[in-house]
Structures are given as C-alpha cells and as structure tokens.
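Engineer: Sequence below, structure please.
(one chain, ligands or ions: 3)
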Amino acid sequence: MDNERKSDDVVVEPYDQPTGGWGSVGSLARISAAEGLGSASVWASLYRQNKPGGFACVSCSWAKPADPHRFEFCENGAKATIWEQTAHRTDRDFFARHRVSELRNWTDHALEKEGRLTHPMRYDSTLDQYVPVSWEAAFAEIGRELQALDPTSVVFYASGRAALETTYMYQLFARVYGSQNLPDSSNMCHESTSVGLPLSIGSPVGTVVLEDFEKADLIFFFGHNTGTNAPRLLHPLQEARKRGVPVIVFNPLRERGLIRFKNPQSPAEMLSPGDGTKMSSDYFQIRCGGDMAAMAGIAKALFALEEAGEPGDGTPVDRAFIAEHGHSFEAFEAAVRAYDWAEIEARSGLSREELSDVARQYARAERVIANYGMGLTQHRHGVGNVRMLANLLLMRGQIGKPGAGISPIRGHSNVQGQRTVGMTEKPELAPLDSFAKMYGFEPPREKGLDTIGTCKGVLDGSVKAFIGLGGNFSRAAPETDLLEAAWTGLRLHVQIATKLNRNHLLPGAVTFLLPCLGRIERDTQASGDQTVSIEDSTACIHASFGMRPPASPNLLSEPAIVAGMAKATVPGRSSIDWDGWVADYGRIRDEIAKAYPKDFHDFNARFTQAGGFHRDIEACRREWKTDSGKANFYVPDTLDVNPDIDVDGPGLFRLMTVRSNDQFNTTVYGLDDRLRGVSGSRTVILMNKADMARLGLQDQDMVSVETHADDGVDRRVDGFRVHAFDVPEGDVAGYYPELNSLIPLWHHAQDSHVPAAKSVPVRIAPSAMATG
Ligand SMILES: Nc1nc2c(c(=O)[nH]1)N[C@H]1C(S)=C(S)[C@@H](COP(=O)(O)OP(=O)(O)OC[C@H]3O[C@@H](n4cnc5c(=O)[nH]c(N)nc54)[C@H](O)[C@@H]3O)O[C@H]1N2
Ligand SMILES: Nc1nc2c(c(=O)[nH]1)N[C@H]1C(S)=C(S)[C@@H](COP(=O)(O)OP(=O)(O)OC[C@H]3O[C@@H](n4cnc5c(=O)[nH]c(N)nc54)[C@H](O)[C@@H]3O)O[C@H]1N2
Ligand SMILES: [Mo]
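Structural biologist: Residues are numbered from 1 along each chain as shown. Ligands and ions are numbered 1, 2, ... in the order given. Sure, this is the predicted structure:
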C-alpha cells in the first residue's frame, strides 16, 4: 500500500525550523482536510481540549494545568483529536467489500484511515469476512466461550487509554472470572519505572507536579522526544528557559523539540522573525545505551568536586540529606569511584570534561527536575537506568522538595491511572482483600501474565483467549512475525476498539470486533450524560467530559461493553451491580474511593476541580515506602546496558526504534517526520555518514536489516532505505512498528520485562531487493 512512495519522493534533510511554529499549523490543516472535517467543528473541539469542563486529550499523558492556555493543546494532541473525530467510517459495507486476508496486506496507515468502526462484527471463517452481529448475541457467545475455558489461559489486555471507571470494572471482571492475566501497555513502556522507582524511593510514579517546573533551576532530559511525544511540556520548559534555567539533554538524536521551539499559540512569537526559543543549554549526543555510564560519570565528577571543595561549586553531594534519608549510599559511592573514566567515556561516547561540566552545573543548582522517557526504560538494563537516575537526584537531595524531583514522562493518556486502579498482573499491587470483601468473590492470588508472558503463551499455545481493551497488541509487541502466525491458534479473540488495526485481522476460532465510543464523544446512560476520569503523568486525576455526537448509533461505551461481557460470563459470581454502575459512572467512582481510600477519598467531589487532584505520593514528602524505610541507593554492578549480549561487536549496530512526529504508536497519521526532516516514507534507516562509508552505502540505498542472535530464528526486514543522519557512529534509528519483527522476545529489560526496543543488535547490508 502507501507505506512507500516512489523513491524520489523520500526526502531526508536537516530540519532547521523550530518545533511548533508554522510547520505545526500547516500539518494540522492538512490532516483535518484529509479526515473530511470542516475547520469549525475541529476548532470547537480543540477549544475544549484539556480544559476544566472539557475533555482530556486522547494523545499523551502530560499534565493538564489548572489555569490552561486559551488553547491547551499541541500539534499532536490536535492530530489525535481530529483523527478520532474523522468523518470516515469503517462500516458494515466496508467489511462486506474486503476479505480479512486482503486487509492484512494493508499498512497500519491505510487501515486506520478508513475511519471509525460503527457496528459490532463477528469473523466468519467460511467467508473470510467480518459480518455484523447484535450486541446481545456477541455477549452471549463470548460468555459461553469464556465459561468453557480455564480462566488462567485467558488474557485481558488494556492499552492505556480507557478511563479509570472502565478499567476498574475491567480488572474486576477478569478477577471475578478467575484471571489475573492483566497486562497493559505499561509492560512495553514505563514498567521499568514501575519496578525501579519503588525499590529506590517507594513510589511507582514520579514525584513532580506542574508547578515544580516554575521553581526548578536546572532541568535534565534523558531519552525523551518531547517535541513529538509530550509537546505541551514545551510550554513550561520554554518559560524555564526564558528565566535562564539550564536544560541539559542526553539523546543520541538531535530532537528539534529540545533544540528550538516557537509557540504556535502565541501570535507575537509566530509573527516574529526569529526562530523561537533555544530549548536546551547543553545537548549531548550520548551513545545509545550509554546513560548508565554517563550518570556514573556525573556522580564520579560530583565526588571529585566535593573533594576539591571550591567555594563556588555549591553542594556537590548533600551529605546531610543522605545521612537522614539515604540507605546503601556507601556501596554506591564505592562502586562509582571504582569505575574508570576510560570505560565511562567509551560507553557513553561523552568526554570526562563534558560530564564534569554537567556535574559543576548540577552542583550549583538548588532545585532540579530529571525527565525521562523510552530512551531509558526500553533497554535490557532499563530498571538500572531508572534507578541510576534516582541515585543522581538523591545524592543531592533532589527528591521530595518543591521545584525538584524525578519525572517519568508516561505514554498513553491514562496508562498510569490504569495501574492505579488494579490493572496489574502482580497480585501485591492490587487490594485483593478489599475486592474480596466488597464484592463477595475470591480473586486469584497467583501472579498473572505480563506482556512478555502473554506473547510466550500465544506462541506455545497455553494462552487460549485474548481480550483487548484498546490497543494493537500483536503489532506493538516484539517478535511480531512469530506472534502473528501463532495468533490464529487462539480459541477466542475479542477486541474493543475505535478503529480497525492489524491485530483485528488475526482471527482465532471465535472472533469479535466490538466498537466503542471514544473519549471525546458524549456518553449518555440511564442517569444522563456521563463523565470519566484519567490520571496524568504527574499523578493528577482529571475529569473528562465527552461532547461530540457518537460516531455511530450502534456504539456502546467501554463500561457498557465490559458489563455486557461480565454479565454473560460471571452471572451471580459477585455482588457487583454491573448495570447499576453503567447507569451512573459516579457509582463506579464511589467504589474506587472505597477500594483506594487514601488516593481517591471524595473522588466524586474532587475530580472536576481545575488542574485535577493530586494523589498522595509519600516520596513527595520524603516518606520512603521501601524495605529499608529510606531512599535506597542502587549499586550498579555494570555500566553495560546489555550485559549479557553482544551489541558492540564488529559489524554490529544498535538499532533504536522510535516514533515519528506523524504517528501515535501503531496509529500512523502520515508518512512525514517533519521534526527530523524525513518525509515520504517510514521504511528508512537513519545512519551515521562514516558508518555508511564503511559499508559502501550511498544515501537512499536499499538495505536489509537482520537481528544478530544465535537462537535459530531468522529476523530480517528488507527494502529499507538508508539515509545519512546525525546519529552517533554505531547507532542507527528507524520507526516502530515497522521494525518490531526484529526484536527477539527475550530481548527485554531483565527485571521489568519491557521489550528492549532501543538497543536491538542488528547487521545491515545492501538489499538483495535492490539488485534483484
Ligand atoms: N504524538 C505522539 N505522542 C505520544 C506517542 C506517539 O506515538 N505519538 N506515544 C505515547 C507513548 S505510549 C509513549 S511511551 C511516549 C513515548 O515518548 P518517548 O519516550 O519520547 O519515545 P520514543 O519515540 O520511543 O523516543 C525515545 C527517545 O529516546 C531517544 N533514545 C533512544 N535510545 C536512547 C538511549 O539509549 N539513551 C538516551 N538518552 N536516549 C535514547 C531517542 O532518540 C528518542 O528521542 O509518548 C507518548 N506520546
Ligand atoms: N519497537 C517498538 N515497539 C514498541 C514501542 C517502541 O518504542 N518501539 N513502544 C511501546 C509502547 S511505549 C507502547 S505504550 C505500546 C503501545 O501499544 P498499544 O497501546 O497496544 O497500541 P496503540 O497503537 O496505542 O493502539 C492503537 C489502537 O487502539 C484503539 N483505540 C484508540 N482509541 C481507543 C479508545 O478510546 N478505546 C478503545 N477501546 N480503543 C481505542 C484503536 O483501535 C487503535 O488502533 O507499543 C510498544 N511497542
Ligand atoms: Mo507507551
């Protein structure tokens, strides 16, 4: 399909415009026209995005301020809104025209471009088509199928978008049924945070709120492409830069958003001739996987500064904080002192001088925020990365005070919230005793399957059924080719979705596609129009009011679909009033408040307040819910993020799979990545010029990319075009999900099981297709 235009349409050239600016306005105008939307309806929605009384953006999870801008949205949030409100429909006629095996040859972009799903469908294997089904018949058959299966062979996935109310019901449904297989997209994303931070500071989430950005006097960024993936964060960052706050970035790619930004919502800035605000004071093109080493280097330099004791150097190490709050600091200090600079420089690709300069700036700062994204979490040593960053902050007492803290930038708009209300495969993270008491059932107590466990189970046949509450699991997960081939072995496959995607085209023996309302749409139930809630990256809970007419009269809300399945599957097995909850979501919030009183007391009274309400995070007030009762310093036993496999050998490259500016995960809006200067194709490999010369490659040459692994599996993609790019030697970058079949299932973070999507060991060769 249209994943690859003619080669001469593919352009990769340095993009030297600021992020935001007119490029972003042009991009929006193109997308709304393509989705068949008039500008009036688009602006009416965008005006209410992320506002008190409006809806919470369906794109990223960045914080929503109490005092919003006139338009509190970014280019990419607007794209997500427009994409969800599209005038196009994937209706019954569409499915009558296309067989499922035909649709499997379409690209992700082509599939979703067909628009919103309108009718519940069931796969008919004799026709190889989806055919309409009634909601009643669908629920009844799903109930019968589930009753016939062993609950521990059934997976209930959630992709991070569904609201707190839906998610609370969904996990209860799974547990009443007897399954704790509750993976969510967090397993592929910030699980390294959710595993690492509790060990370090006793909290699975970050400690920073929006106001802290106004007080910070130094800001770090590790491995996050902010201009594309959390663009609204550029506003507080721009304010900080205008105050002269240093912003220090570590990223192998020079991401425009952290280089220059022009606020598209400020007429004065847009019309001024300059090229916007310089967003970072220092930008270090660290080697992929070099963060542990760089952080060790900064820590080592801090110890050196402390020893030198120059009066202008501030407080390199906060010994008073460490004495009162720290645990195992001595072992950390000894480990850092033992690493030599040669190793630190080689692994990070940064010099001792550069890292010592960072340490000097850091030592002088009093309030410091460290932000990070997938560049830290999606490595084999992802948990170590996160803990090392916590160390760096803790050694200067930068957690638990205003203007400072650790700031994991989450992915999906409610991914953090889903974990908060019980969407977890780990029994110790859900209040199972409360659930048992409140609803009169015995929840399963053994650990369920996470994403990696689910993939293994689908591959070995032990997983028999998969229910997806949103998402595109098989496409987002690693080892995609094997997974797709095995998927058809499922007995039951149910997807609750807004748009058609590739996972939906992998039928099991019994397969349903159930279309739901999106968050922007009005959700009317027996008690009237309903409100839902989500938790943002900074642990603030917000109300979201749907406003648009539903895409089709045949859609049900997500809570109604969950209730429909639950009533058919586990009738009488609990005291849960499924229908009553659907009639009035306020009742679900009352239940959440009872199950989680510390975080959600007076939920209904508090959740509509501007800026949301902040959950009670003990680490914010220096109460450490760890085994030692203190903030635990992590002792790194290696600076190698790939300690057990070879990603540095001769001829090997470390492949980083990243998002473009024109996608939301597997949803591809277009073929351009404006902020990286790539346009016209997504099947590209971005490579350093010197590496290309060594391989005898010219710009635009076709290459094949093969995973370096000796496990007997051949993982290869072909027909990708190589482009010279400003990336460290030995590192290459390309787009997810097109490259997911290269990631071996075993290539994941050791403790959190997050697929290591950022350092896949690959070999690159001229393509056979080029000559054939
Ligand atoms: N518009 C839009 N917004 C989104 C999404 C989207 O697809 N589109 N997805 C959402 C989701 S689910 C998530 S999780 C977030 C993801 O947001 P990000 O965390 O920004 O995710 P990626 O696009 O994977 O980009 C990873 C960044 O880390 C850098 N990097 C790669 N390897 C390393 C490394 O070893 N060290 C360092 N220091 N940096 C490295 C890459 O160059 C890149 O800038 O965004 C969310 N927001
Ligand atoms: N190689 C590589 N792989 C990665 C990553 C990477 O950086 N590199 N990133 C990983 C990360 S961080 C994540 S979070 C995962 C994402 O994995 P997923 O969350 O599973 O994937 P998405 O693409 O976000 O899911 C998109 C689908 O969700 C459905 N949808 C959209 N809105 C709604 C809604 O309101 N309700 C319902 N029910 N459905 C809806 C639509 O049908 C759409 O097709 O991918 C992971 N995979
Ligand atoms: Mo994510």
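
Engineer: for S544, helix, strand, or coil?
Structural biologist: Secondary structure for S544, judged by DSSP: H, G, I helix; E, B strand; the rest coil, is strand.

Engineer: any idea how far ligand 3 is from it?
Structural biologist: Distance of S544 to ligand 3, computed by CB to the ion, to the nearest Å: 19 Å. C-betas here are computed from N, CA, C, even on glycine.

Engineer: Also V668?
Structural biologist: Here V668 is placed at a distance of 16 Å from ligand 3 (CB to the ion).

Engineer: Spell out the residue ranges of the helices in the stretch 151-300 of the chain.
Structural biologist: Defined through DSSP state H, counting those that start in this stretch, the helices belonging to the stretch 151-300 of the chain, from first to last, are 164-177, 191-201, 212-215, 226-229, 234-242, 267-271, 291-308.

Engineer: what packs against the fourth one?
Structural biologist: Right, the one you point to is helix 226-229. Applying 3 or more CB pairs under 8 Å, 6 or more residues apart in numbering; DSSP states H and E, we find helix 226-229 packed against helix 234-242.

Engineer: could I get the helix it packs on in CSV with only the CA atoms?
Structural biologist: As requested, C-alpha coordinates have been extracted for helix 234-242 and formatted as CSV (Å, rounded to 0.1, in the frame of the first residue of the first chain):
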residue,chain,number,x,y,z
LEU,A,234,7.5,22.6,25.9
HIS,A,235,5.4,25.4,27.4
PRO,A,236,6.6,25.2,31.0
LEU,A,237,10.1,24.4,29.5
GLN,A,238,10.0,27.5,27.4
GLU,A,239,9.1,29.5,30.5
ALA,A,240,12.0,28.0,32.3
ARG,A,241,14.4,28.8,29.5
LYS,A,242,13.2,32.4,29.5
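
Engineer: Around ligand 2, pick out the residues from the stretch 651-772 of the chain.
Structural biologist: Counting by CB under 6 Å from any ligand atom, the residues of the stretch 651-772 of the chain close to ligand 2 are T657, N665, T666, T667, Y736, P737, N740, I743, A757.

Engineer: what's the farthest-apart pair in the residues you listed?
Structural biologist: With distances taken as CB to CB, the most widely separated pair in those is T667 and I743, at 19.4 Å.

Engineer: Identify the residue nearest the most centrally placed residue in the chain in space, chain neighbours excluded?
Structural biologist: In the chain, the C-alpha closest to the average C-alpha coordinate belongs to G411, at a distance of 2.8 Å (CA atoms, centre = their mean). Nearest residue to G411 in three dimensions, chain neighbours excluded: C189, at 4.7 Å (CB to CB, 6 or more residues apart in numbering).

Engineer: So what's the residue count around the one you found?
Structural biologist: For C189, the tally of surrounding residues (other CB atoms under 10 Å) stands at 27.

Engineer: Need phi/psi at it.
Structural biologist: phi -140, psi -100 (degrees, to the nearest 10).

Engineer: In the stretch 501-650 of the chain, mark out all the helices, start to finish.
Structural biologist: For the stretch 501-650 of the chain, applying DSSP H, counting those that start in this stretch gives helices covering 558-569, 578-583, 585-595, 597-600, 603-606.

Engineer: Same list as before, the ones you listed that is, but in a markdown table and with mean neighbour count included.
Structural biologist: Converted to a markdown table, those look like this (neighbours: other CB atoms under 10 Å):
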| stretch | mean neighbour count |
| --- | --- |
| helix 558-569 | 24 |
| helix 578-583 | 19 |
| helix 585-595 | 20 |
| helix 597-600 | 16 |
| helix 603-606 | 17 |
